[in-house]
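Novice: any chance you could fold what I've pasted below:
(one chain, ligands or ions: 1)
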Amino acid sequence: MKPKQSLVVVGNGMAGMRTVEELLKLDRDLYDITVFGAEPHGNYNRIMLSPLLAGDKEVGDIMLHTRAWYGENGITLHAGDPVVKIDRKRRFVHSQKGVEVPYDRLLLATGSSPFIIPVPGHRLPGVVGFRDLADVDTMLAAAVQGGQAVVIGGGLLGLEAANALQRRGMHVTVVHASGSLMNQQLDPPAASLLKTALEDKGLHFRMDTQTTQILGTRRVEGVRFADGGELAATLVVMAAGVRPNIALAQSAGLHCERAIVVDDTLQTYDPRIYAVGECVQHRSATFGLVAPLWDQARVCAGHLSGAGHRRYVQKATPTKLKVTGVDLYSVGDFIGGPGTEELVLRDRRSGIYKRLVVDGSRLTGAVLYGDVRDGPWYFDLIGRQVDIGSLRHGLLFGEAHCKQGAAA
Ligand SMILES: Cc1cc2nc3c(=O)[nH]c(=O)nc-3n(C[C@H](O)[C@H](O)[C@H](O)COP(=O)(O)OP(=O)(O)OC[C@H]3O[C@@H](n4cnc5c(N)ncnc54)[C@H](O)[C@@H]3O)c2cc1C
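Specialist: From the prediction side, this is the model:
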C-alpha cells in the first residue's frame with residue numbers, strides 16, 4: 001500500500017472542516033489528517049451562536065463535529081493549540097504548545113476576528129466581540145446581572161447580539177455610525193421598517209453616532225460619543241466588522257492583500273498550501289457568509305484529492321436576519337445604478353416592502369421586508385440570469401402569481 005501523505009489543517013472552524021468532510025467523501029485514504037484549532041472545542045456551527053445567546057439553542061445542539069468524530073475518522077485534533085509558525089522550506093507547522101507536524105499539503109482556514117475599534121478603554125473587561133463560544137460565555141455572564149448593554153454596530157451581527165441580550169433581560173442600545181441599519185444589505189425604506197420592528201421589541205438606537213471612548217477604571221462603565229453624549233454600560237459588544245486572520249500566512253511569506261490571495265482552485269502562491277473561508281481573498285472579494293465557503297470547500301477538496309477539475313466561481317449570496325418575527329431577505333445589487341430600473345411595492349400598514357432592481361431584461365437585486373416567501377425565487381432568477389421580460393408586470397407579486405398568469 002502507498003504511504004499516506006500528510007495534510008495539516010490550520011483552523012478547526014466551518015470552512016476548514018467542511019473541506020475535510022468533502023475530502024473524506026472523495027478519498028478517505030489519501031491523507032493522514034491533522035487539524036489544529038485555536039479554540040478548545042470540536043467544530044461548531046458559528047451561525048448558531050446567535051440563537052445560543054438568545055436561549056433558543058444549547059451548546060450541544062450546535063456542535064457539528066464532536067471530539068469523538070475526529071477519532072472515529074482517523075483525524076488527529078489539537079484543539080486549544082494554535083499554529084504559530086509555518087516553515088515552508090522544511091514543510092513543518094509549529095504549534096503554541098510545541099507540537100511539530102510535517103505536511104505534504106497545508107490548508108489554512110483561520111477565519112476572521114472581530115474588529116475592535118481602538119478607542120481609549122477598548123481593552124477594559126466587559127468589552128467583547130461576537131465571534132466564538134468564549135464571547136457568548138462573557139455576554140451571558142454579564143446578562144445574568146441584568147444591566148445595560150451597548151452594541152456598537154447595527155449590521156447583521158450587532159442586531160442579532162442586541163436582540164439576544166434584550167431577550168436575556170438587558171437594556172440594550174445599538175449604536176450605529178450610519179443613519180440606516182444593515183446598510184450593506186438593506187436600502188433605507190427597508191432599514192426603517194426594521195428599526196421600527198426592533199424598537200417595538202424593546203431595543204434602543206443611537207444612529208449616526210461615532211464612539212470615541214469606552215469609560216471605566218477596572219471594567220467597562222459606559223461609552224462616550226463624538227457628540228459629547230454618554231451612556232452607562234456594563235457590557236459593550238463591538239460588532240463593527242471583521243478582519244481576516246492573516247498574520248500566520250504573512251509571517252510565512254505567503255502573498256496577502258486584504259486576506260490570503262488564492263486562485264480559482266483555492267491555492268495560495270505556494271502550490272502546497274491552500275486556503276478557504278473568511279481568511280481568503282479571491283480576486284478582490286473577501287467573504288463573510290457561509291454559502292460561498294461551501295463552494296470553496298468543494299473545489300478545494302477536489303484539488304486536494306487530485307481530482308483537480310473544479311473551479312471556484314463567485315455567486316451572489318442572500319442575507320437573512322435571525323431575529324424571530326423579523327422577516328427580511330436581501331440579495332445582489334439592491335441599490336442599482338445608472339441604467340438600472342427599480343420596481344417597488346410598499347404596503348406600510350401590512351409592514352411589507354419589496355424592491356427589485358432590473359438591468360435591461362435581467363433581475364440583478366432584491367430586498368424584501370415583511371414578506372420574504374419569494375426571496376429564493378428572485379435569487380434563482382438572478383443567479384441564472386433569466387430573461388424576465390415576460391414576467392416583469394407580475395414580478396413584484398411573486399412566483400405563484402406569475403405561474404398563475406402563465407397558466408391562464
Ligand atoms: C454570531 C455569528 C452569526 C453568524 N450568522 C451567519 C448567518 O446567519 N449566515 C451566514 O452565512 N454566516 C453567518 N455568520 C458567518 C459565518 O459563521 C462565517 O462566515 C464562518 O464561520 C466562517 O468560517 P471560517 O472557517 O472561515 O472561520 P471560522 O468559523 O471562524 O473558523 C476559523 C477557526 O480558525 C481558528 N484559528 C485562527 N487562527 C488559528 C491558528 N493560527 N491556529 C489554529 N486555529 C486558528 C479560529 O479560532 C476559528 O476557530 C455568522 C457569524 C457569527 C460570528
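
Novice: give me the phi and psi for residue 85.
Specialist: The phi and psi values for residue 85, taken as degrees, to the nearest 10, are phi -150, psi 140.

Novice: hmm, it is touching residue 93, no?
Specialist: Yes - here residue 85 reaches residue 93: they are 7.1 Å apart, a contact under Cβ atoms under 8 Å. The way it works is simple: take the backbone N, C-alpha and C, and place the C-beta from them, glycine included.

Novice: okay, those two: which has more neighbours?
Specialist: Comparing residue 85 with residue 93 by other Cβ atoms under 10 Å, the one with more neighbours is residue 93, at 24 against 13.

Novice: nearest spatial neighbour of residue 283, chain-adjacent residues omitted?
Specialist: residue 314 (7.3 Å; Cβ to Cβ, 6 or more residues apart in numbering).

Novice: how close does the closest residue to residue 367 other than its chain neighbours sit to residue 180?
Specialist: Leaving aside its chain neighbours, residue 367 sits nearest to residue 334 (4.2 Å; criterion: Cβ to Cβ, 6+ apart). When Cβ to Cβ, to the nearest Å is the yardstick, residue 334 and residue 180 sit 12 Å from each other.

Novice: intersection of neighbour lists for those two?
Specialist: 186-187 (Cβ atoms under 8 Å, 6 or more residues apart in numbering).

Novice: all helices of the stretch 251-400 of the chain, in order?
Specialist: Ranges of helices in the stretch 251-400 of the chain, per DSSP state H, counting those that start in this stretch, are 290-304, 375-383, 399-407.

Novice: a markdown table please, covering the ones you listed and showing mean neighbour count, mean pLDDT and distance to residue 119.
Specialist: Formatted as a markdown table, these follow (neighbours: other Cβ atoms under 10 Å; pLDDT from 0 to 100; distance: least, Cβ to Cβ, whole Å):
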| stretch | mean neighbour count | mean pLDDT | distance to residue 119 |
| --- | --- | --- | --- |
| helix 290-304 | 22 | 97 | 31 |
| helix 375-383 | 19 | 95 | 37 |
| helix 399-407 | 13 | 82 | 47 |
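
Novice: any chance of those in a markdown table, plus distance to residue 38?
Specialist: Converted to a markdown table, the helices of the stretch 251-400 of the chain look like this (distance: least, Cβ to Cβ, whole Å):
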| stretch | distance to residue 38 |
| --- | --- |
| helix 290-304 | 18 |
| helix 375-383 | 34 |
| helix 399-407 | 44 |
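
Novice: so who does the residue of the chain with the smallest separation from the ligand touch?
Specialist: Of all residues in the chain, residue 13 sits closest to the ligand, at 1.8 Å by Cβ to the nearest ligand atom. Going by Cβ under 8 Å, 6+ apart, residue 13 touches 37, 39, 43, 46, 109, 111, 277.

Novice: if you set the cut-off to 10 Å instead, what comes out?
Specialist: By Cβ atoms under 10 Å, 6 or more residues apart in numbering, residue 13 lies in contact with 37-39, 43-44, 46, 64, 109-112, 132, 276-279, 293.

Novice: please list which of the residues you listed are also close to the ligand.
Specialist: Contacts with the ligand within the contacts of residue 13, as defined by Cβ under 6 Å from any ligand atom: 37-39, 46, 109-111, 277-278, 293.

Novice: can you pick out the ones from those residues that are in strands?
Specialist: Among the ones next to the ligand among the contacts of residue 13, DSSP state E puts residue 37 in strands.

Novice: ok, back up a step: ok, the residue nearest to residue 283 touching residue 293?
Specialist: No - using Cβ atoms under 10 Å, residue 314 is not in contact with residue 293, being 11.9 Å away.

Novice: joint contacts of these two?
Specialist: Common neighbours of residue 314 and residue 293 (Cβ under 10 Å, 6+ apart) are residue 287.

Novice: residues shared between the contacts of residue 85 and residue 93?
Specialist: Residues touching both residue 85 and residue 93 by Cβ under 10 Å, 6+ apart: 100, 248, 252.

Novice: now the buried members of those.
Specialist: If you count burial by 16 or more other Cβ atoms under 10 Å, the buried members of the shared contacts of residue 85 and residue 93 come out as 248, 252.

Novice: list just the nearest of the shared contacts of residue 85 and residue 93 to residue 166.
Specialist: Set against residue 166, the nearest of those by Cβ to Cβ is residue 248 (37.0 Å).

Novice: how close does the closest one get to residue 277?
Specialist: Distance of residue 248 to residue 277, given as Cβ to Cβ: 14 Å.

Novice: which residues do the two both contact?
Specialist: Shared contacts of residue 248 and residue 277 (Cβ under 10 Å, 6+ apart): 11, 108, 110, 260.

Novice: may I see these arranged in CSV, with distance to residue 146 and pLDDT as well?
Specialist: Below are these laid out as CSV (distance: Cβ to Cβ, whole Å; pLDDT from 0 to 100):
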residue, distance to residue 146, pLDDT
11, 36, 98
108, 42, 98
110, 36, 98
260, 42, 98
